[in-house]
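>>> sequence and predicted structure are below.
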Amino acid sequence: DAKTTQPNSMESNEEEPVHLPCNHSTISGTDYIHWYRQLPSQGPEYVIHGLTSNVNNRMASLAIAEDRKSSTLILHRATLRDAAVYYCILRDRVNTGNQFYFGTGTSLTVIP
Amino acid sequence: NAGVMQNPRHLVRRRGQEARLRCSPMKGHSHVYWYRQLPEEGLKFMVYLQKENIIDESGMPKERFSAEFPKEGPSILRIQQVVRGDSAAYFCASSPLITYEQYFGPGTRLTVT
């Protein structure tokens, strides 16, 4: 399981964009980049995933560096409901045992 | 379509008792995963099952813990002779046959007194 590095915590003002970074310098060519988030007292929730190209969905955008050694999750307008721990996870799409390896993630605080 | 269901949501057991945690995957999902989350920590993978088969139990403690996913009924995570260190939130996730997304349940919070 390839390792990821994320800041322990970040703050954002409500209705402003948030950029959550993730470093994964040992990523392999077959690793997908996944983002999940965990709201207080809840199970993790899928946010977005990608391989090489930037991805957009209704929740967020994922910007992947050209060398794939880092990525950034972008929340375009933070709301109070976005306060959560955000996990950046790599998963090998070839040797997939299907389990995810969670780190400690980034705890996002949204300030009203 | 109901999400992943786990019960009970909260479970209190005394040291030495058994704990049984249940997980009903989403409809149509045949893959189930169990994770444990200790206080202030990230989730740790425990076991991955398909119907009637354990595919990967590399994260399961060698003793006292077992898991099953029978042909009919929910997946069960069983902890025998619980100790205080077993106190944690236990999350179940499921996925369909071919996908990279896992859908998590709300978790069971086990407290051992």
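Nice, I can see it.
>>> what is the neighbour count of the closest residue to chain A within chain B?
Among the residues of chain B, residue B:104 lies nearest to chain A; the distance is 3.3 Å by CB to the nearest CB. Every residue, glycine included, has its C-beta placed from N, CA and C. Using other CB atoms under 10 Å in any protein chain shown, the number of residues around residue B:104 comes to 23.
>>> isn't it up against residue A:87?
No - using CB atoms under 8 Å, residue B:104 is not in contact with residue A:87; the gap is 11.4 Å.
>>> overlap in contacts, those two.
residue A:44 (CB atoms under 8 Å, 6 or more residues apart in numbering or on different chains).
>>> for the nearest residue to residue B:53 once chain neighbours are set aside, what are its contacts?
In space, and not counting its chain neighbours, residue B:53 is closest to residue B:69: 7.6 Å by CB to CB, 6 or more residues apart in numbering or on different chains. Applying CB under 8 Å, 6+ apart, one finds that residue B:69 lies in contact with B:32, B:49, B:50, B:51, B:52, B:53, B:75, B:76.
>>> what secondary structure does the spatially most central residue of chain B sit in?
Chain B has residue B:34 as the residue nearest its centroid, 3.8 Å off, counting by CA atoms, centre = their mean. At residue B:34, secondary structure determined by DSSP: H, G, I helix; E, B strand; the rest coil is strand.
>>> counting neighbours, what do you get for residue 73?
In the absence of a named chain, this looks at chain A. Residues lying near residue A:73 (other CB under 10 Å) number 25.
>>> nope, chain B
Neighbourhood size, residue B:73 [other CB under 10 Å]: 10.
>>> and if you look at residue A:19?
Counted with other CB under 10 Å, residue A:19 comes out at 12.
>>> how much space separates it from residue B:28?
To residue B:28, residue A:19 is 36 Å away according to CB to CB, to the nearest Å.
>>> below-threshold pLDDT in chain A: ranges please.
By pLDDT under 70, the low-scoring segments of chain A are A:1-2, A:93-99.
>>> actually chain B, sorry about that
Those would be B:1, B:98-100, if you go by pLDDT under 70 across chain B.
>>> near chain A, which residues of it are found?
Residues of chain B found near chain A (CB under 8 Å from any CB of the partner chain) are B:4, B:31, B:33, B:35, B:41-45, B:48, B:55-56, B:59, B:91, B:93, B:95, B:100-107.
>>> surely residue B:102 touches residue B:91?
No - in this structure residue B:102 lies outside contact range of residue B:91 using CB under 8 Å: 9.8 Å.
>>> that older thread, kindly reformat the contacts of residue B:69 as CSV containing neighbour count.
Shown next, in CSV, are these (neighbours: other CB atoms under 10 Å in any protein chain shown):
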residue, neighbour count
B:32, 28
B:49, 25
B:50, 13
B:51, 13
B:52, 10
B:53, 9
B:75, 22
B:76, 16
